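Novice: turn this into a model:
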Amino acid sequence: ANPMMKQIHVNLKREDEGGRMPVIVAPGDYDTWLNPDANLKDLQRIMKPYPEVEMQAYTIGKDITSRKVNPDRPETLEHVGYNELNGEDAFNVR
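Specialist: Down below sits the predicted model:
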């Protein structure tokens, strides 16, 4: 994960892990990514952390993953600040 995503998708039980991040495929790599005959080396070249400077994040409430609260409501997408995020200003860009 890049530094921004590591703050969001970190494994708190294992500090040695670098966090998780979805694969973001650049438009120039779409054909390779979608090719069922692509080789492992070409796919590994594509699967690298996306540059943090090209991303924006907006923090929302944890209800989005709740099993007790219906997340299908407008309030779910309202901004929520989290003290544990370093440099939270980077997470409030819309």
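
Novice: what are the boundaries of the helices in the chain?
Specialist: Along the chain, the stretches classed as helices by DSSP state H are 3-8, 30-34, 40-46.

Novice: among those helices, which comes closest to residue 83?
Specialist: Between residue 83 and those, the tightest spacing by C-beta to C-beta is seen for helix 3-8, at 12.0 Å. Just so you know, the C-beta spots here come from the backbone N, C-alpha and C atoms, and that holds for glycine as well.

Novice: give me the helices and strands touching that closest one, please.
Specialist: Helices and strands touching helix 3-8, by 3 or more C-beta pairs under 8 Å, 6 or more residues apart in numbering; DSSP states H and E: there are none.

Novice: could you list the buried residues of that helix?
Specialist: Using 16 or more other C-beta atoms under 10 Å as the test for burial, helix 3-8 gives 4, 5, 6, 7.

Novice: which one of the residues you listed is nearest to residue 58?
Specialist: Of all the buried residues of helix 3-8, residue 4 has the smallest distance to residue 58: 11.8 Å, by C-beta to C-beta.

Novice: tell me which helix or strand in the protein has the weakest average pLDDT.
Specialist: Sorting the helices and strands of the chain by mean pLDDT, DSSP states H and E puts helix 3-8 at the bottom, at a mean of 78.

Novice: hang on, the earlier thing: and the helices of the chain as TSV, adding distance to residue 80?
Specialist: TSV is the format used below for the helices of the chain (distance: least, C-beta to C-beta, whole Å):
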stretch	distance to residue 80
helix 3-8	13
helix 30-34	33
helix 40-46	33
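
Novice: for residue 22, find the nearest of those helices.
Specialist: Each of the helices of the chain has some distance to residue 22 by C-beta to C-beta; the shortest is helix 3-8, at 8.3 Å.
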